[in-house]
Every structure is written in C-alpha cells, then in structure tokens.
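Chemist: predicted model and sequence below, questions to follow.
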Amino acid sequence: MLVTKCVSTNLKGHLTIEGADAIELAERFGTPLYVYSESKIRQKIREFILSVNKYYNGNGMVVYASKAFSCKEMYRICMQENIGIDVVSGGELYTALSVGFPAEKIVFHGNNKTRQELVQAVENGVGRIIVDNLTELKLLDSIAKELGKVAGIMLRIKPGVDAHTHDFIKTGQIDSKFGFALETGEAMKAVKTAIAMDNVNLRGLHCHIGSQIFDVDPFELAAKVMLEFYRDIKLETGKEFDELNLGGGFGIKYLKSDSHQPYGEYMKNVAAVVNTFSHELGIKTPFILIEPGRSIVGVAGVTLYTVGNVKDIPDVRTYVSVDGGMTDNPRYALYKSDYEIVCADRAEEDRSETVTVAGKCCESGDLIQENTKIQPVKAGDTLAVLSTGAYNYSMASNYNRIPRPAVVMVKDGEARVVVKRETYEQITANDL
Ligand code: LLP
C-alpha cells in the first residue's frame with residue numbers, strides 16, 4: 001500500500017499515475033519529471049468547495065494559494081473550477097492575468113510588495129490586496145489616488161496563535177515578519193488608519209497561522225481571536241466587516257504515519273465557531289475566504305528520477321544518486337521533509353533496502369531522503385518520490401546551472417506537457 005491513492009500499479013508491476021505508466025512517462029518526457037494527476041487536483045478543489053457549501057451555506061470562497069504550484073495551466077484549472085487564487089508576487093500575478101484570470105477573484109499577498117507590484121495590482125483591479133504594514137497602506141492609498149481608483153484591501157493580522165509546525169513555516173505568532181500584531185495595538189491603529197482613507201476599501205481582515213498543520217484547534221482559535229477583534233473594532237469605530245480571510249495551512253499526508261484530517265472536518269469546526277461567535281459577539285456573520293495551497297496540489301504530484309549510481313559504503317550507508325536533487329526538491333535540505341519513495345519499475349515488490357537518495361548537486365546536503373526504505377535498485381531504474389506536488393516546482397532553482405524539469409499533467413491516462421523542460425539556452429539567455 002502506498003501513501004497516496006493517486007498512484008497505483010499496472011500488470012507490468014510499474015507505478016502508474018492516474019493510469020499513466022511511470023516508466024513510459026520517464027521514457028517519453030525524460031527525467032527528472034514532475035507528474036501531476038489533474039483529476040486529483042480537481043477533486044481536492046471540489047472537496048474544499050463542497051465543505052464551504054455544506055458547512056457554511058456556500059457563504060465563502062476557496063482561494064488556491066498558488067505559491068504551492070504556479071503555472072498557467074494551474075491558473076486555468078482554478079478558473080474552470082470557479083475558485084479564487086492567492087498570488088504573492090508580481091510574477092504570479094502576471095502569470096494568472098496572462099491566462100485571463102478574473103482580477104476580482106485574486107488575493108494579493110506579500111510582506112514587502114514593491115511600488116511596481118502595487119501599481120500592477122491596482123491597475124488590473126485585483127479584488128483584495130492583503131496589506132501587511134503601514135508603509136504599504138500609505139503607499140497603496142496614494143497609488144490608488146494617482147490612478148483614480150479605490151483598491152479593495154484586507155489587513156493581515158497576527159492573531160498570536162502558535163501552530164504546531166516547523167519553525168520556518170509558522171506565521172501567526174508575534175515574532176513574524178508578516179502582518180500587524182494584535183497585542184501591541186498596532187492592528188487596531190492600522191484598521192482605524194485604513195478606515196479613514198479615501199482610496200482603499202477595507203473589506204475585512206486576514207490571518208494565516210502557518211503551514212502543514214494537522215490540528216483543527218489552532219484554526220478554531222484563530223477564527224475566535226479574529227472575531228473578537230471584529231467585535232472590538234465595531235465597538236470602537238462602528239465599522240463592521242463583510243469578510244474574514246482565515247488563510248490556509250492544512251496538512252497533508254507525506255507518510256503513512258502522518259495523521260490525516262479530512263478537510264471537511266476543518267470547515268465543519270471552523271464554521272461552527274464562526275457562526276456561534278458572530279452571533280454571541282453581536283457582529284455580522286462574515287463571508288469567509290480560505291487559502292489552501294499544499295492540500296490542493298501536494299498529493300497530486302509525483303517526481304520521477306533516473307538512478308545514476310548506487311554507492312554502498314560498508315557499515316555506513318548506501319547512496320542512491322538520481323538525476324535531480326535539491327534543485328527540483330529543496331524541501332529535505334530546507335525542512336528535513338519526509339517523502340515516500342518507490343522504484344517505479346518494480347513498485348509492488350517489497351521495499352527491503354534502507355538507502356539514502358541523493359541528488360546530483362555539488363553539495364553534501366543535497367539529499368531527497370535519508371535512510372528510507374525502497375526496493376533494491378540499480379543504475380537505470382526509475383525512482384518515484386510521492387506527494388511532491390506542493391512547493392517543489394515552485395521552489396526549484398538553477399543551482400549548478402541545472403535546468404528545471406518539465407511538468408506533465410495526466411488526465412484519464414493521457415499525459416500532456418504543461419511546462420516545458422528548461423534548456424541551457426534559457427539558462428544563459430540573460431548572461432551578457
Ligand atoms: N495563505 C498564506 C498567506 C500563506 O502564506 C500560505 C503559505 C498559504 C495561504 C498556503 O498554505 P498551505 O495551505 O499551502 O499550507 N515552502 C514551504 C511552505 C511555505 C508556506 C508559505 N505560505 C514548504 O515547502 O513546506
């Protein structure tokens with residue numbers, strides 16, 4: 001049994017991804033290769049939409065956090081599924097707009113947006129710019145005035161909730177570079193400043209407590225804290241908001257041992273908290289935005305590699321080196337992230353060997369996984385690293401001038417390239 005139902009095996013014993021034979025994909029498109037199951041992505045999006053409909057009367061919008069996997073085809077899928085997207089840079093915004101993504105359904109994040117990015121957002125009519133700090137708020141108000149527009153905004157608040165996840169991907173606590181702190185009075189001051197401005201329309205507030213979170217409690221607590229703040233704002237200023245953005249961060253199963261929280265449960269509990277508290281606190285029940293990223297694309301993606309050499313160091317360890325590495329999957333080097341790995345040629349055989357899968361970069365820390373169990377492998381075999389759909393292609397680099405892999409999407413067994421493999425010409429294109 002493999003960690004995700006997204007992959008299976010065929011009569012040849014090969015791994016399949018949404019019905020496509022991994023070995024054939026590797027031969028046809030080359031390796032390293034990112035492969036996505038399109039149906040899985042759509043299924044995950046629909047699960048979130050359903051949960052908002054079922055538990056919150058449809059009074060909300062699913063906003064895909066596109067930093068998890070951003071490319072034109074992914075934005076087209078979001079458009080077809082009729083959800084919003086979150087972008088976090090001019091580049092993501094540009095990509096989304098280039099396929100005709102409706103600007104009103106774009107949420108623009110970032111703790112240090114440039115003037116140019118803010119102009120790009122206002123000119124194109126981005127629905128909600130999530131303002132991070134006072135400097136940005138003032139700059140945005142003046143840009144909107146210059147352009148003769150009113151910018152739809154939300155303010156990013158640090159609710160002071162500690163989510164149990166890796167330090168690098170926690171964001172809700174006071175010591176975070178993102179947003180306005182509640183405890184210090186900074187958030188209330190920012191709200192009052194924004195309300196008094198003529199060229200911004202404060203639609204509500206935003207919070208995001210971190211990523212890869214399994215417990216529902218911190219999400220419930222964050223919602224509660226935000227609603228109490230809504231009540232305080234109403235009392236102090238008379239202003240009531242129509243919207244509340246609760247961010248993303250829902251955990252996915254990388255290993256069988258990871259606990260699994262169905263996303264419907266999250267919405268069920270959070271909707272109950274929002275309904276009850278809005279009523280008790282005497283404020284409007286807000287339209288809710290949620291921003292799942294990893295949970296939409298994570299398990300839908302698999303990375304395929306070709307084994308180059310197997311180096312057995314007696315009494316130390318066995319290194320299996322593949323033709324990619326930290327350039328296409330930096331997550332082990334960054335966070336010691338766990339992954340399940342299978343030999344795609346013999347996916348049904350016992351995983352009897354303990355090996356370290358290493359990349360080809362000139363760096364000892366360039367590992368995909370240490371001491372992991374896989375089938376006995378040899379040079380030329382294809383390795384599949386499962387659940388790599390989130391934050392790998394989007395964080396890929398050209399370290400050592402290694403071209404970024406192609407991205408292929410599979411639907412009903414049919415594969416198509418959605419991002420071409422980078423070439424050496426492209427890598428050197430900007431060199432003078
Ligand atoms: N909303 C905001 C404001 C965010 O900052 C993020 C993620 C999300 C939504 C989506 O979170 P998700 O549902 O994907 O957990 N590179 C790291 C993850 C960084 C997350 C950044 N923000 C990783 O590879 O684990």
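Modeler: Yep, it's here.

Chemist: look up how far Ile41 lies from the residue nearest to Ala20 when sequence neighbours are not counted.
Modeler: In space, Ala20 comes closest to Val410 once its chain neighbours are excluded; the distance is 4.5 Å by Cβ to Cβ, 6 or more residues apart in numbering. From N, CA and C alone the C-beta is placed, and that goes for glycine too. As defined by Cβ to Cβ, to the nearest Å, Val410 lies at a distance of 11 Å from Ile41.

Chemist: which parts of the stretch 1-150 of the chain are helices?
Modeler: In the stretch 1-150 of the chain, helices defined by DSSP state H, counting those that start in this stretch lie at 22-29, 38-56, 72-80, 90-98, 115-124, 134-146, listed in chain order.

Chemist: tabulate those helices (a markdown table), appending mean pLDDT, distance to Glu340 and mean neighbour count.
Modeler: Written out in a markdown table, the entries for those read as follows (pLDDT from 0 to 100; distance: least, Cβ to Cβ, whole Å; neighbours: other Cβ atoms under 10 Å):
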| stretch | mean pLDDT | distance to Glu340 | mean neighbour count |
| --- | --- | --- | --- |
| helix 22-29 | 98 | 14 | 19 |
| helix 38-56 | 97 | 16 | 19 |
| helix 72-80 | 98 | 23 | 19 |
| helix 90-98 | 98 | 29 | 18 |
| helix 115-124 | 98 | 38 | 18 |
| helix 134-146 | 98 | 41 | 18 |
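
Chemist: any stretches of the stretch 151-300 of the chain with poor pLDDT?
Modeler: Across the stretch 151-300 of the chain, the ranges flagged by pLDDT under 70 are 163-172.

Chemist: name the residues of it found near the ligand, please.
Modeler: Contact residues, the stretch 151-300 of the chain versus the ligand (Cβ under 6 Å from any ligand atom): 169, 208, 211-212, 247-250, 291-295.

Chemist: so what strands line up beside the longest strand along the chain?
Modeler: Among the elements of the chain assigned as strand by DSSP state E, the one spanning the most residues is strand 301-313. The pairing partners recorded for strand 301-313 under DSSP bridges are strand 33-37 (antiparallel), strand 317-322 (antiparallel), strand 382-386 (antiparallel).

Chemist: in it, what counts as buried?
Modeler: Gly301, Val302, Thr303, Leu304, Tyr305, Thr306, Val307, Val310 (16 or more other Cβ atoms under 10 Å).

Chemist: bridging residues for the first one?
Modeler: Counting by DSSP bridges, Gly301 forms beta bridges with Tyr36.

Chemist: same check, this time on the fifth one
Modeler: With DSSP bridges applied, the residues forming beta bridges to Tyr305 are Leu383.

Chemist: and which of the buried residues of strand 301-313 is nearest to the ligand?
Modeler: Gly301 (12.2 Å; Cβ to the nearest ligand atom).

Chemist: how about the closest one, what does it touch?
Modeler: Taking Cβ atoms under 8 Å, 6 or more residues apart in numbering as the contact definition, Gly301 lies against Tyr34, Val35, Tyr36, Ser37, Phe69, Ser387, Thr388, Gly389, Ala390, Asn392, Tyr393.

Chemist: repeat the analysis, applying 6 Å as the threshold.
Modeler: Gly301 makes contacts with Tyr36, Thr388, Gly389, as judged by Cβ atoms under 6 Å, 6 or more residues apart in numbering.

Chemist: would a markdown table of the helices of the stretch 1-150 of the chain with distance to the ligand be doable?
Modeler: Compiled in a markdown table, the helices of the stretch 1-150 of the chain are given as follows (distance: least, Cβ to the nearest ligand atom, whole Å):
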| stretch | distance to the ligand |
| --- | --- |
| helix 22-29 | 23 |
| helix 38-56 | 10 |
| helix 72-80 | 13 |
| helix 90-98 | 12 |
| helix 115-124 | 15 |
| helix 134-146 | 15 |
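
Chemist: tell me which of the ones you listed sits nearest to Pro330.
Modeler: Taking Cβ to Cβ as the criterion, Pro330 comes closest to helix 90-98 out of these, the separation being 18.1 Å.
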